[in-house]
Every structure is written in C-alpha cells, then in structure tokens.
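Engineer: got a predicted model here, sequence first, then my questions.
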Amino acid sequence: MDKDLLDKILSSVTGSENKEQTTEKVETAALTQCNLTEFVGAGIGDTVGLVIANLEYHLHENLKLDPKYRSIGIVSSRTGGAPHVMSADEAVKATNTEVVSVEFCRDTKGGAGHGSTIIFAAEDVSDARRAVEIMLSSLDTNFGNVYGCDAGHIELHYTARASYALNKAFNAPIGKAFGITVGAPAAVGLLMADMAMKTANVDIVTYASPASGTCFSNEIIVTFSGDSGAVRQSVLAARDVGLSVLRGMGQNPVSVTTPTL
Amino acid sequence: MDKDLLDKILSSVTGSENKEQTTEKVETAALTQCNLTEFVGAGIGDTVGLVIANLEYHLHENLKLDPKYRSIGIVSSRTGGAPHVMSADEAVKATNTEVVSVEFCRDTKGGAGHGSTIIFAAEDVSDARRAVEIMLSSLDTNFGNVYGCDAGHIELHYTARASYALNKAFNAPIGKAFGITVGAPAAVGLLMADMAMKTANVDIVTYASPASGTCFSNEIIVTFSGDSGAVRQSVLAARDVGLSVLRGMGQNPVSVTTPTL
Amino acid sequence: MDKDLLDKILSSVTGSENKEQTTEKVETAALTQCNLTEFVGAGIGDTVGLVIANLEYHLHENLKLDPKYRSIGIVSSRTGGAPHVMSADEAVKATNTEVVSVEFCRDTKGGAGHGSTIIFAAEDVSDARRAVEIMLSSLDTNFGNVYGCDAGHIELHYTARASYALNKAFNAPIGKAFGITVGAPAAVGLLMADMAMKTANVDIVTYASPASGTCFSNEIIVTFSGDSGAVRQSVLAARDVGLSVLRGMGQNPVSVTTPTL
C-alpha cells in the first residue's frame, strides 16, 4: 500500500519534472494558466505568492489585522527563511504595505532549515499585489548568498539599511546596517557567529539555536547591526569560515543562484 | 563514513522496495509473519497499529489514563494527520473505546505536513484491537482527498457527524457536520480557508499556522462546522482553489488514493 | 526557477557523491585540507566537531557559560540524538570538561528523529579538543544499536555508569546503570517501552513523545535506570519487540554500523 503511495508521488514528481524539461519556454504560459485573480506568481524554493482583496471577516480577526486593512499579500516557501525576509524588506520599503506576520516552519524538504510565510497588509489590493511581486522578483538575488550541500548549508545576508520586515522577523533596528549569518549543522553557525563578532565592531541583535528561537531547525542563526562597513566585513569573514568547515566535512557547498557578496 | 551510512540506508530501502515488487501477493503473508500478539496491522503513510492488553503501570500513569482502562490501541504514522483523525473518528463511533490522546509530529518524510499518533483506551483488549482495525481499514478512503505534489499538498475532510476523535484533535462540536481544509505551503491553506469561509455559512472552529497550532509544519489548517450542506460546499470550493494554486506553481497535484468528495 | 534550484542541488549532491566514490582513500587527506585550527573532525550522521579557543564575549554571555571557561568544543549532527549523548558521556568521563548544553533539533534529513548539538566547556582548548575527539571516535560504536529502515527506526542504548552528558540530556542518575529505548513511528516506541518496563525491575526516568519532550519528532523515547543487569535485560527485550514490529510493517531494519548489544 505504501508502495502505491510512493508510486503515485514519484509519478507526480517525475511528471512535473518531465513537463518542466520539455516545456521550459512555455513555463510562463503555464503559470498564467492559473486564472485565479489571487495568484501572483511562484519562485525559487517552492515559493508561492498570493493576494486576497478582501479577507474574510473571521480570518481577518484571527490574524488580528488593523481594521483599515482589507487586503493582504501572502508569500510562503518550502525552503528559505532569511532570503524571504530580506526580499520582503525590499518590498515593504517600496510599497504602501505593512508586514503583519512573519512565521517560520521546520521544512526545507528534508534539509536542515526553515520555510517561511510572510503576510503584507494593505488598504488596497494593488499595493498588496505590488509587494508580493517585488518580493518574488528579489528572491533570486537573496538566494545568491545561500550555499547548500548534502550535509548542510550556510547563509549570509547583508543590508545597508534594515526596514520593517527585518524588524518584524529579527528585531533589526530600523534604518541601520544589518547582517545575518546562518550555519547548518548548528555547530557551523556558532563558529561563523564567533568569527563575525570578532571580525569587526558589531552589536549582536539575536541569537537562535535549535532549542531556542528556531523551529527546532538544525541551525545557529546570529544577527547583528552596526556600522555598514563593519557589518559587511563580519558577514564576509563568517562566510569564509563556514565554507571551510563544510568543505572540511568533505562537501562542496555551492551558491543556490549567484553570490552577491 | 557518511557514505557507509548512506549505502546501508539505501540498500535497506532498495532491499525493501525490491521485496515489495517481487512479493506483492504474499504481502499479507509477510505481515502476518509478525507473530507479536500486539501487532494489528500496517497501512498507507507508514502507519502501524498496535495493541497493549495490559499497559505497564508507570506508562499507564504517564499517559494519565483512567484506571478502568487496562488496554490501549495505538496507531502511528509517518505521513498523515487529519486522515488519521478522520479514521479514528469512525473507529471510536463503532467501538467501546475512548480516544485519550492525539499527538501530531513534524514528519511526512521530508514533506510539508504532519505524522500522527492516536491512542484508544479500552477496558478490554478486544475493543482496542477492533478500534485499531477499523481505523486502519478506513485510512485509504480518508487519504483520497489528500492531493500531493512535489511542492506541497492540499487536504479536504468532511464528515456529516463529528465524534470524539475530531473533538479531541480539533475541538469539533460532537454530532455536527465538520470540515477541515489544509494547504501547503501555508499560503495555499490561507487562500483555501478564505474561500471556504466565504462560500457558505460555516463557523470557524480552529485556525492553525506554522507558528501556532501546528508542529511548525508548513501548513495553514482551518476547521469549521455548520449545516451539513454548507460544510460540504465550503470544502469543495476550497479544494478547487487549492488545486488551482498548486497547478499555478507548475505542479500536478494528484489524489493519494481515490477522491471521495 | 525551481528547476534551477533542483539542478544546482542535485549537481552538488551528485558531485560530492562522485568525489566520495573516486577518492575514498584520500578522504582523510581531504578532511585535513580544512586548515582551520577550529576544525576537529567529521563523522557519521553528518556530524562535525569544532573547537573555539576563546569564545567571543557576547556569545559567551549568551550561552551563560561560567566565566572560568574560555574554550568550548561543539559537536553537531544532522542525524542522531541519543548516540551523540552516549558518545559525549564517554568524552566527559575522560576529560576535564563540562557538558554545558545539549540541544536536539527536528532533523535526520527527512527521517523521523533528531539531530543534536552538544557543547563542552573547558578552561583550556586542548581539553575541549580532546573531548570532541573522543566523542567523534565513539560515534560509530554508539550508532551500532540504531537500526534504520525506510518506515522508521529503533535505538537502544545502555551504559553501566551514566555520567554528566546523560544527566544533562535525560536527567540520568550519575553513576548508575542507564538505558534508553527509542522507536519510530512513535507507536513502536511505546510498545518497546512497555516491554522494557515489564521485563525487569527498572525505574522510568523520562518519557518523551511527539507532543512533549521531543522536537515534534515521530518517536517515543523512554529512559530508565536500575541494576546493571536489569537495565541491560530491558534494553534487549525492547530491541526484539521493536525489530519485530518494523519487520511486521514489511521493512528490513539494519544496524547503521555494528550492533554491540
């Protein structure tokens, strides 16, 4: 019986992979075949972006939204927490929306990290849609500094000016340079954090480990703020030490897209 | 060293798969080769059903069972939360047992959802065994409205009359029509919930998201009760919107067994 | 876009696997290519062991370490909780270190169990390094009584004399014989626990299930202490019943390395 299940899932997976291979160029066509007005788009890490123009009353209450907001944009991913918050930060800077919720989950399809769900609230659905669009379009860039391999992954994130998404998710001081280092398995993250903190004069903002501050993920995540140059230098030093350790484990960590740091 | 581990696991997996392929017809025979009286059976989603005629005293205390119950039936799965609760609900309606515990876990073998563990207590082991048997036998049906694909899954569950398992797990009002919608990645679940609530006059019972009410799973799960026709209509509307979004992500969601709604 | 991600990850995985196949004999050479002084070694279950000679001040504070400890050893794994605690127990017996933190995470690369992160604190970095070395070197032995298969796994652990790592992780009475039984899916663990408790005169120390005491893993984990012979007998009886159930599920559970019990 389990075999049936496995077969069904395999055929579904294989099916969709084949489709992707043979119809690469009509992919955009396929995506626009979703004729729901709520569907905005999909992206890397099994990310999906949706809008709801007029959220149903009880759900609105459940999310404790300010009554002035009728519309929401919502973006969920199977893989990626910090890259999504970074992307949401760019979206919230550029639109008339508020980040009302950032939730992480223990996912990554068997990887060591998080998936995420971020909700933007807006008075007008076009603002919510714009925020989701901007967020989706900047995901590829923000995945550039995620390096994955079979044994784990490291992530580096840097912004010269943190905004409301980073504040909501990591308590980042608004308007200041902000850095994030992530390492998995967790020990890698602690070594990266130690290196980041020793490299330049930065202030630790949050420290999260498997048992505290994560969703039981296998990561140590440290965030810090400070002078723009210092934060950047710390992030780069953490990257080098993280890549070294993963290579020491016999792995070959590669950027998920294209590194920007 | 890690390679050795991988090889061992692969050979174990491959071994068991081969066995399944070549000995499909003797599978029942193989299952009855487990000569433990405690073993009741296995099922879809790596489900196993067991009974303990006379639970050891300290474990009995630990589970806080009523002293009148000496026997328990226990069913665990790697994949499947709501389908198992639905099946347990049928079992508890038909037997002289009580559902004393429903626990979810963050599992699904790398999927976005839950596994589950449900314990029935009974004064007599034959009642516990019967409950486990009924539950196992109705799993295939309840997996019919689970649609999976590589990027996520959606689930719809409907009963005209909720009983004690649904009450224990989701606080369902006993004897009333009850519906469950699940979508993963989580954003899909919120859109399904919005559609369900707008479609007909139903009352929300529970709302669960990655950070609250789930085991950090990548799902939004909404349950609701109301008039039988209304609940059914809501569930169907949620299904359509959920399937549309997954298809919009370039996926091909398929029922795990055979849809019943 | 998701396809790109998949390809990248696949190529990374395949790449590293090929490398492993063709360069098996130079693996040790590859490992020593990590020229970080902080890198101690890697092991089964994607385990990595590191030392930090002089932990950065704010991280030191964050971990609430006694000021007398300047150095830490830290070991993280993707797969393996109890085997790592058992190994840490041997390390702490043999070195001048303190186990200051044991954290589990919901990992195992899509399996049902835990990964772990254990921190040793020491006044001198050579002590921390020695603890990590001893821990890494005893992992293979402690994985011998972990039996895995596609549907789940069971684990048995026995020590004649528990020390500070087992005390920190499971509240084990120092100096007494101590046993651990783990079964996944969770129902298997409960049956094993019932058998262990009934077999000999042992005292239950901890009981952990998906919703309480684990990281939402799909396991029931029971620990017990008592007379050395009784604990050993209980562990062995639990093993037999656990293997029987997994075989009843049509699986072929095999030891990850070489059984020692």
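Structural biologist: In hand now; what should we look at?

Engineer: in stretch A:163-172, what counts as buried?
Structural biologist: Neighbour-count burial for stretch A:163-172 flags A:S163, A:Y164, A:A165, A:L166, A:N167, A:K168, A:A169, A:F170, A:A172 (criterion: 16 or more other C-beta atoms under 10 Å in any protein chain shown). Where you see a C-beta, it was placed from the backbone N, CA and C, and this is true even at glycine.

Engineer: keep those residues, but drop any that are not near chain B.
Structural biologist: When contact is defined as C-beta under 8 Å from any C-beta of the partner chain, those do not meet chain B at all.

Engineer: from these, which is closest to B:G81?
Structural biologist: The nearest member of those to B:G81, counting by C-beta to C-beta, is A:A169 at 27.1 Å.

Engineer: the closest one against A:V85, yeah?
Structural biologist: Yes. A:A169 lies in contact with A:V85 (C-beta atoms under 8 Å); the separation is 4.5 Å.

Engineer: near chain B, which residues of the stretch 51-200 of chain A?
Structural biologist: A:52, A:55-56, A:58-59, A:62, A:74-78, A:103-107, A:109-110, A:115, A:117, A:151.

Engineer: which of these are close to chain C?
Structural biologist: Applying C-beta under 8 Å from any C-beta to those, those adjacent to chain C are A:R106, A:K109, A:G110, A:A151.

Engineer: in helices only, show me the residues of the stretch 51-200 of chain A next to chain B.
Structural biologist: Among those, DSSP state H puts A:H58, A:L59, A:N62 in helices.

Engineer: show me how chain A divides into domains.
Structural biologist: Following automatic domain parsing, one gets these domains for chain A: A:34-141, A:146-255.

Engineer: most centrally placed residue in chain A?
Structural biologist: Nearest to the mean C-alpha position of chain A, by C-alpha atoms, centre = their mean, lies A:H84 at 2.6 Å.

Engineer: helices along the stretch 1-150 of chain A, start to end?
Structural biologist: Ranges of helices within the stretch 1-150 of chain A are A:2-22, A:27-32, A:57-62, A:82-94, A:125-137, A:139-142, based on DSSP state H, counting those that start in this stretch.

Engineer: the residue of chain A found nearest chain B - how many residues pack around it?
Structural biologist: Nearest to chain B in chain A, going by C-beta to the nearest C-beta, is A:C34, at a distance of 2.8 Å. By the criterion of other C-beta atoms under 10 Å in any protein chain shown, A:C34 has 20 neighbours.

Engineer: how about A:T108?
Structural biologist: Other residues within reach of A:T108, judged by other C-beta under 10 Å, total 27.

Engineer: before we move on, what about A:T260?
Structural biologist: A:T260 has 12 nearby residues by other C-beta under 10 Å.

Engineer: that one: what's it in contact with?
Structural biologist: A:T141, A:G144, A:N145 (C-beta atoms under 8 Å, 6 or more residues apart in numbering or on different chains).

Engineer: same thing but at 10 Å, please
Structural biologist: A:T141, A:N142, A:F143, A:G144, A:N145, A:L156, A:Y158 (C-beta atoms under 10 Å, 6 or more residues apart in numbering or on different chains).

Engineer: hmm, A:D150 is touching A:N252, no?
Structural biologist: Yes. Shown here, A:D150 and A:N252 form a contact pair, counting by C-beta atoms under 10 Å, at 8.8 Å.

Engineer: can you check the pLDDT for A:M1?
Structural biologist: The per-residue pLDDT reported for A:M1 equals 39.

Engineer: and the one 4 residues further on, by the same measure?
Structural biologist: Residue-level confidence at A:L5 comes out at 46, pLDDT.

Engineer: do A:L10 as well
Structural biologist: Note on A:L10: pLDDT of 41.

Engineer: A:N35 too?
Structural biologist: At A:N35, pLDDT is 87.

Engineer: who's in contact with it?
Structural biologist: B:S244, B:G248.

Engineer: now the phi/psi pair for it, please.
Structural biologist: Backbone torsions of A:N35, given as degrees, to the nearest 10, read phi -90, psi 20.

Engineer: most proximal residue of the stretch 1-150 of chain A with respect to chain C?
Structural biologist: A:G110 (3.4 Å).

Engineer: now do the contacts for that residue.
Structural biologist: Taking C-beta under 10 Å, 6+ apart, one finds A:T79, B:T108, B:K109, B:G110, B:G111, C:R78, C:D107, C:T108, C:K109, C:G110, C:G111 in contact with A:G110.

Engineer: before we move on, what about A:D203?
Structural biologist: A:D203 touches A:P173, A:K176, A:M197, A:T223, A:F224, A:S225, A:G226, A:D227, A:A230, A:V231, C:H58, counting by C-beta under 10 Å, 6+ apart.

Engineer: could you rerun that using 8 Å?
Structural biologist: By C-beta under 8 Å, 6+ apart, the contact set of A:D203 is A:F224, A:S225, A:G226.

Engineer: just A:F224 next, same as before
Structural biologist: A:F178, A:G179, A:A196, A:M197, A:V202, A:D203, A:I204, A:V205, A:V231, A:S234.

Engineer: if you rank these by neighbours, which is first?
Structural biologist: The contacts of A:F224, ranked by neighbours (other C-beta under 10 Å): first place A:A196, 31 neighbours.

Engineer: what helix or strand does that residue sit in?
Structural biologist: Using DSSP states H and E, the element containing A:A196 is helix A:186-199.

Engineer: wait, does that helix contact chain C?
Structural biologist: Yes. Helix A:186-199 comes into contact with chain C (C-beta under 8 Å from any C-beta), by way of A:A186, A:A187, A:V188, A:L190, A:L191, A:A193, A:D194, A:M197, A:K198.

Engineer: could I get the average pLDDT for that helix?
Structural biologist: On average, helix A:186-199 scores 97.

Engineer: what does stretch A:48-62 give?
Structural biologist: 96.

Engineer: can you tell me the distance between the two ends of that stretch?
Structural biologist: End-to-end distance of stretch A:48-62 (C-alpha to C-alpha, to the nearest Å): 22 Å.

Engineer: in it, what's buried?
Structural biologist: A:V48, A:G49, A:L50, A:V51, A:I52, A:A53, A:L55, A:E56, A:H58, A:L59, A:H60, A:N62.

Engineer: before we move on, what about stretch A:251-261?
Structural biologist: Buried, per 16+ other C-beta under 10 Å, within stretch A:251-261: A:Q251, A:N252, A:P253, A:V254, A:V256, A:T257.

Engineer: for chain C, what's its nearest residue on the stretch 101-250 of chain A.
Structural biologist: A:G248 (2.8 Å).

Engineer: residues touching the closest residue to that residue other than its chain neighbours, list them.
Structural biologist: Sequence neighbours aside, C:C34 is the residue nearest to A:G248 in space, at 2.8 Å (criterion: C-beta to C-beta, 6 or more residues apart in numbering or on different chains). Counting by C-beta under 8 Å, 6+ apart, C:C34 touches A:S244, A:V245, A:R247, A:G248.

Engineer: can you tell me which of these are in helices?
Structural biologist: Going by DSSP H, the helices hold A:S244, A:V245, A:R247, A:G248 from the contacts of C:C34.

Engineer: next, give me the two most distant ones among the residues you listed.
Structural biologist: Most distant of the ones in helices among the contacts of C:C34, by C-beta to C-beta, are A:V245 and A:R247, 7.3 Å apart.

Engineer: the two: who's more crowded?
Structural biologist: Ranked by neighbour count (other C-beta under 10 Å), A:V245 and A:R247 place A:V245 first, with 27 against 18.

Engineer: residues contacting the more buried one?
Structural biologist: Here A:V245 is in contact with A:G183, A:A187, A:V188, A:L191, C:C34, C:L36, C:E38, C:F39, C:V48, C:L50 (C-beta under 8 Å, 6+ apart).

Engineer: change it to 10 Å
Structural biologist: A:151-152, A:154, A:183, A:185, A:187-189, A:191-192, A:251, A:253, C:34, C:36, C:38-39, C:42, C:48, C:50.
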